[in-house]
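Colleague: Please work out how this folds:
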Amino acid sequence: MSMVIGGGNTVNNGVPTSIHGLTNIGLKVDGSFVGTVTFEVCHGSIGAHWFPLTVSDSGATTTTLPGTYYANVATWDYIRASISDYTSGSITMTLLENAQSPEQGDSNQIILQNVATSPGIGTPYTLQGEDSIRLGISGTATSVNIDIEVVDENGISSSIEGRGLDGMPVLPTTDIATHTTIWLIDNLKHLKGCQIQANITAISGGNLTIAGKAIF
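Modeller: Got it, this is the predicted structure:
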């Protein structure tokens, strides 16, 4: 099934469209144009907080070219494809349900914290039987304490230990100076149905983003 979710010949936010219950989608961008299309998703009600959607495993959240771009949206409720910059031409954006690229299908995008500037649990991710999670931690914060937690169906939470790329364990609560780092969390299959969250208990001097892939 496919449906037009945006387009035109002027800057606009497109049509917020429900993707609740979908896993893999395609976003087809058609037209001859000079402009930028931005892909965004949100939880809950429309118009709450929109987050950039990474497409085609490229790390891109926008495109300036026609084509079909794929993404896993299992944890999101709504999507929009907006024309965020426009110079000339005409653009049409179409949502393709249950579409999957050859490179996709073995991982889910997750965003646990998005440019956070204050303590909080961010956006928990529901585990779906993944083997592991890779988290990139970046931002401008000069000091931050992060507790990676697993929360079961009864709301009981427990810290979980990961490891850095050097194989050294990452303590559940860690101070991070201003830099980018990658954490790996393994052996998650037995936690299917639980949620994983990045609880920022303290932060100062800037912001922090914690995002990555849940790998099957």
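Colleague: C-alpha only now, for contacts and for neighbours.
Modeller: OK.
Colleague: Out of the helices and strands in the chain, which is least certain?
Modeller: strand 173-175 (a mean of 56; mean pLDDT, DSSP states H and E).
Colleague: Moving along the chain from it, name the first helix or strand you hit.
Modeller: Counting by DSSP states H and E, the next helix or strand C-terminal to strand 173-175 is strand 181-185.
Colleague: just checking, next helix/strand downstream of that next one?
Modeller: Next along the chain after strand 181-185, taking DSSP H and E as the criterion, comes strand 195-204.
Colleague: Tell me which residues are up against that next one.
Modeller: 112-113, 117-127, 141-152, 210 (C-alpha atoms under 8 Å, 6 or more residues apart in numbering).
Colleague: Could you tell me which of the residues you listed count as buried?
Modeller: Applying 16 or more other C-alpha atoms under 10 Å to the contacts of strand 195-204, the neighbour count classes 112-113, 117-118, 120-127, 141-152, 210 as buried.
Colleague: Which ones among those residues map onto strands?
Modeller: 112-113, 125-126, 143-151, 210 (DSSP state E).
Colleague: could the residues you listed go into CSV alongside pLDDT and distance to residue 133?
Modeller: Converted to CSV, those look like this (pLDDT from 0 to 100; distance: C-alpha to C-alpha, whole Å):
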residue, pLDDT, distance to residue 133
112, 90, 11
113, 89, 15
125, 84, 11
126, 81, 12
143, 85, 24
144, 88, 21
145, 87, 19
146, 88, 16
147, 88, 15
148, 89, 11
149, 92, 13
150, 93, 12
151, 91, 15
210, 88, 12
